[in-house]
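A.B. asks: Got a sequence here, can you build the structure:
(one chain, ligands or ions: 1)
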Amino acid sequence: MAEFKEYTFADVATRNGRNGQPLWMVYKDSIYDLTKYMHEHPGGDDVLMDEAGKDATRAFDDVGHSSDAKHVMTKHKVGEIVEEEKRYDANGKKRKRVVAAPAEKPEGRSCFNVVTCGLLG
Ligand code: HEM
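C.D. replies: The predicted structure is shown next:
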């Protein structure tokens with residue numbers, strides 16, 4: 001398997017096809033350089049510019065690109081998203097976002113206490 005250089009989403013964001021920057025985009029954690037391909041893209045270069053420097057996974061899938069399009073894509077791969085920022089697992093399924101559990105609420109008076117206090121008081 002070919003080894004690719006790793007980049008963060010912030011790195012990709014700077015390659016937005018403007019001010020002499022190349023046009024990179026992300027599809028399922030792989031990074032593609034479409035600077036040369038944009039002029040050949042059957043869907044036009046403007047839609048690619050809209051996704052430049054971004055995660056274009058959703059936009060790409062929404063169009064329902066052919067397997068031929070996916071094959072063309074592989075030729076333009078230049079890197080991968082760093083492990084810590086990856087959004088998809090090895091099967092291409094979206095990873096679940098791990099959210100820290102909220103801090104426990106400070107111990108308050110429970111219903112039970114209210115009832116017993118009511119009975120006792
Ligand atoms: C590596 C990235 C991409 C490659 C290699 C690629 C390639 C292609 C190819 C080969 C087609 C012709 C139809 C097909 O075979 O499915 C196509 C059509 C199209 N693409 Fe992409 N595409 C890419 C990214 C995108 C993105 C990010 C968008 C954003 C919405 C997009 C929008 C479209 C649209 C709207 C069409 C339909 C054009 C039409 O039917 O008139 N593409 N693309």
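A.B. asks: what does this structure have sitting close to the ligand?
C.D. replies: 32, 34, 41-43, 47-48, 51, 56, 59-60, 63, 65-66, 68-69, 72-73, 76 (Cβ under 6 Å from any ligand atom). Heads up, the C-betas are built off the backbone N, CA and C, glycines and all.
A.B. asks: Pull out the buried residues from the residues you listed.
C.D. replies: Neighbour counting with 16 or more other Cβ atoms under 10 Å marks Tyr32, Leu34, Leu48, Glu51, Ala56, Ala59, Phe60, Val72, Met73, His76 as buried within those.
A.B. asks: Take those residues and lay them out in a markdown table including secondary structure and pLDDT.
C.D. replies: Shown next, in a markdown table, are these (DSSP: H, G, I helix; E, B strand; the rest coil; pLDDT from 0 to 100):
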| residue | secondary structure | pLDDT |
| --- | --- | --- |
| Tyr32 | strand | 98 |
| Leu34 | coil | 98 |
| Leu48 | helix | 98 |
| Glu51 | helix | 98 |
| Ala56 | coil | 98 |
| Ala59 | helix | 98 |
| Phe60 | helix | 98 |
| Val72 | helix | 97 |
| Met73 | helix | 98 |
| His76 | coil | 98 |
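A.B. asks: want to try JSON lines for those, with distance to Met25 as columns?
C.D. replies: What follows is those, written out as JSON lines (distance: Cβ to Cβ, whole Å):
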{"residue": "Tyr32", "distance to Met25": "6"}
{"residue": "Leu34", "distance to Met25": "6"}
{"residue": "Leu48", "distance to Met25": "7"}
{"residue": "Glu51", "distance to Met25": "5"}
{"residue": "Ala56", "distance to Met25": "4"}
{"residue": "Ala59", "distance to Met25": "9"}
{"residue": "Phe60", "distance to Met25": "8"}
{"residue": "Val72", "distance to Met25": "13"}
{"residue": "Met73", "distance to Met25": "10"}
{"residue": "His76", "distance to Met25": "9"}
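A.B. asks: residues in contact with Ala59?
C.D. replies: Applying Cβ atoms under 8 Å, 6 or more residues apart in numbering, we find Ala59 in contact with Val47, Asp50, Glu51.
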